[in-house]
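J.: When you get a sec, could you give me coordinates for this:
(one chain, ligands or ions: 1)
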Amino acid sequence: MSSSPTKSPKDAAHEHALLLNSIAEGANEYPKPEHVNFTYGTAGFRTLATKLPPVLFRVGLLAVLRSKRLEGATIGVMVTASHNPEPDNGVKLVDPSGEMLDPTWEAHATALSNCPTTESLISTFTTLATHLRVDLHQPANIVYARDTRPSGPDLIKALERGFSVFGESVKLNDLGITTTPILHYVVKATNDRTGEYGTPNIKGYNEKMSKAFKTLIGNRGPLAPLYVDCANGVGANALSDFTATLGEILPVHPLNTATTTQGALNHQCGADFVKTKQALPPSIQQSGVLAKPNTRACSFDGDADRIVFYYQHETKGTFRLLDGDKIAVMVAMFLGDLVVKAKLDEEHKLQVGVVQTAYANGSSTKYLTSRNIPVTCVPTGVKHLHHAAQRYDIGVYFEANGHGTVLFADHAIKALKSASPQSPDSANAIKNLLAFSELINQAVGDALSDMLLVEAVLAHRGWGASEWDAGYEDLPNRLVKVEVPDRNIFVAVDAERKLQYPLGLQDKIEDAMKKYDMGRSFVRPSGTEDCVRVYAEAKTTTEAENLAIAVTDLVKMASGQI
Ligand code: G16
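T.: Sure, this is the predicted structure:
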């Protein structure tokens, strides 16, 4: 830790002692519970909300350390447990670029959160500040927000207590209740020195989205009505704010908007429910809104960073899911076509690529690769997809669960802005590509922005839900959540397609797969819930179900449950 050049060593030492005292006072108010081990996982810390206040206090400390380390760059903190049930909550940090926290700092977050005593917390904090060369005299800037969970206010209080130990060197921007992607947007926009990304507040976000969407829709509107299941979460608030800015161009009908009804969040609704159950939320089923042929609906998750679409088959009335894979395929094909139409010169040719995880339906991967769209497979978790997508000029990334976005590389934007169009068609394609880069959240997957992206592509194609769906047929698949005594005994490798431990289990899974036509299955520990997830797909629904059952039994056997 270096000291400020304007302070005498004695004053600096005194100030440091005061800071440590202040941390100790706060830490005494938030002792770590015994026998709990916290881990900064796929999406930050996530567990029962009642266990979390000490973690929030410590995350407050870490966020300030990170900002000071980056010379006062703005860091984001989001209090949410996204798709988890209401009694859970969580917290994650957002780096200045609007991306997830630098993975090397995840270990520091875990270390601080697990310090068993105030003394060990002070010692770990001091060690971190020294090793990470944090100048504690630097200013710090933090933007923070929460979702609608009832446990949110108490957790925010603990977080603010963490910030408060640094006194006036920390500037805070409390966004209140908002979505995870809006928080990411505000962080990115605040740190953007060019001022081009957008105004760093919720109004700025709505205006940016609305302007880009209007440019893309042109005189194609008003579009057909869209029903939006808000999972009884914060997406309901964001959607109503946004539609007020947007006007009539897209008639949106919000459903499941009971944000203050206890227990309603993500309950029998939302993107995770729809994707996992492969069924309509009962409330939408009963409302009958999808009965009219080709009516589209979509579901957000609890913090509005995921989206899946669906509709009912016109003649059979069956449920048809248009998940993250279907979005990725449609968007990648469409952007690929626009790039061709843009006719950029050889030197500025742009490549569209797709990033998926092992959960991607086999049919989607086959569809893309057979059309020469490169596909990369990475482990679950937005940070993995985001980084892989950055390697393409235009990188489309989506998890099958509906979490994703499209990244435009800086050089791609420059090439588009500086291109000399060869025809009105190519000028139009360039204009549209640039408008898509404005519409699509460049920081993180965003249900609202992705909803508009899908609507804009459908409008340009002149498609309804069934035309979109017609591209390829998903292989039947099943997702099973298996509760086990210790999920940490399951270690996945090879982009989570194989299990390294428990020894021998992978061979048994492969033997099971061989028994089913086009059978594919894998097992991985969840990064957000205390469970193991089993995925199975095969040629028929019965085969996919049987494979899922067989592999679930293998997991239970390996963990000593049967
Ligand atoms: C988080 C992550 C996603 C991941 C999901 C499920 O989503 O951000 O990348 O796909 O958890 O993870 P797991 O299967 O490991 O529980 P969210 O929307 O809950 O923040």
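
J.: give me the number of residues near Gly527?
T.: If you count neighbours by other CB atoms under 10 Å, Gly527 ends up with 17. From N, CA and C alone the C-beta is placed, and that goes for glycine too.

J.: Checking it next. Helix, strand or coil?
T.: What DSSP: H, G, I helix; E, B strand; the rest coil gives for Gly527 is coil.

J.: chain center to the helix-or-strand element of the chain with minimal mean pLDDT: distance?
T.: One helix or strand of the chain scores below all others by mean pLDDT, DSSP states H and E: helix 9-29, with a mean of 92. A distance of 37 Å separates the centroid of the chain from that of helix 9-29, by CA atoms, centre = their mean, to the nearest Å.

J.: Which strands or helices does that helix pack on?
T.: On a contact count with 3 or more CB pairs under 8 Å, 6 or more residues apart in numbering; DSSP states H and E, helix 9-29 meets helix 53-69, helix 118-131, helix 152-164.

J.: Rounded mean pLDDT for whichever helix or strand comes after it, please.
T.: Downstream of helix 9-29, the first helix or strand assigned by DSSP states H and E is strand 45-48. Mean per-residue pLDDT for strand 45-48: 96.

J.: please begin residue numbering at 251 from this point
T.: With the count now opening at 251, the last piece we talked about shows up as strand 295-298.

J.: same for strand 295-298, what does it pack against?
T.: strand 338-344.

J.: which helices and strands does the strand it packs on pack with?
T.: Using 3+ CB pairs under 8 Å, 6+ apart: strand 338-344 touches strand 295-298, helix 303-319, strand 324-329, helix 402-414, helix 430-441.

J.: State the mean pLDDT of the longest one.
T.: For helix 303-319, the mean per-residue pLDDT is 98.

J.: for stretch 486-498, same thing?
T.: On average, stretch 486-498 scores 94.

J.: Name the residues that touch that stretch?
T.: With contact meaning CB atoms under 8 Å, 6 or more residues apart in numbering, stretch 486-498 is reached by 398, 427-429, 432, 452, 456-457, 459-460, 463-464, 471-472, 478, 480, 500, 502, 504, 506-507, 509, 550, 554, 698.

J.: And that stretch, how far out from the chain middle?
T.: Distance, centroid of stretch 486-498 to centroid of chain: 21 Å (CA atoms, centre = their mean).

J.: which parts of that stretch are buried?
T.: Buried residues in stretch 486-498, defined by neighbour count with 16 or more other CB atoms under 10 Å: 486-489, 491-493, 496.

J.: For this structure, what lies in contact range of the ligand?
T.: 292-293, 332-333, 551, 555-556, 630-632, 649, 651, 653, 776-779, 783 (CB under 6 Å from any ligand atom).

J.: related to what we said a few turns ago, looking at the helices and strands packed on helix 259-279, which is buried most?
T.: Compared across the helices and strands packed on helix 259-279, helix 303-319 shows the largest average neighbour count, a mean of 26 (mean count of other CB atoms under 10 Å).

J.: Also compute the angle for it relative to strand 338-344, please.
T.: Here the directions of helix 303-319 and strand 338-344 differ by 10 degrees (axes from the mean of the first three to the mean of the last three CA atoms, to 10 degrees).

J.: Convert the C-alpha atoms of helix 303-319 to CSV, please.
T.: Backbone C-alpha positions of helix 303-319 (Å, rounded to 0.1, in the frame of the first residue of the first chain) are rendered in CSV as follows:
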residue,chain,number,x,y,z
PRO,A,303,-25.5,-9.9,5.5
PRO,A,304,-21.8,-10.5,6.5
VAL,A,305,-21.0,-11.4,2.9
LEU,A,306,-22.6,-8.1,1.7
PHE,A,307,-20.5,-6.1,4.3
ARG,A,308,-17.3,-7.7,2.9
VAL,A,309,-18.4,-7.3,-0.7
GLY,A,310,-18.7,-3.6,0.1
LEU,A,311,-15.1,-3.6,1.2
LEU,A,312,-13.9,-5.5,-1.9
ALA,A,313,-15.8,-3.2,-4.3
VAL,A,314,-14.1,-0.2,-2.8
LEU,A,315,-10.7,-1.9,-3.0
ARG,A,316,-11.3,-2.8,-6.6
SER,A,317,-12.3,0.8,-7.5
LYS,A,318,-9.4,2.3,-5.7
ARG,A,319,-7.1,-0.2,-7.4
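
J.: Span of stretch 752-772 from start to end?
T.: 13 Å (CA to CA, to the nearest Å).

J.: contacts for stretch 629-644?
T.: Residues outside stretch 629-644 that contact it (CB under 8 Å, 6+ apart): 292-293, 349-350, 353, 585, 589, 600-603, 605-609, 624, 626, 628, 645-649, 653-654, 656-659, 661-662, 694-695, 742, 745-746, 774, 777.

J.: Which of those residues are buried, as a PyMOL select command?
T.: Paste this into PyMOL to select the buried members of the contacts of stretch 629-644, with burial taken from 16+ other CB under 10 Å:
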select buried, resi 292+293+349+350+585+589+600+602+603+605+606+607+608+609+626+628+645+646+647+648+649+653+654+656+657+658+659+662+694+695+742+745+746+774+777
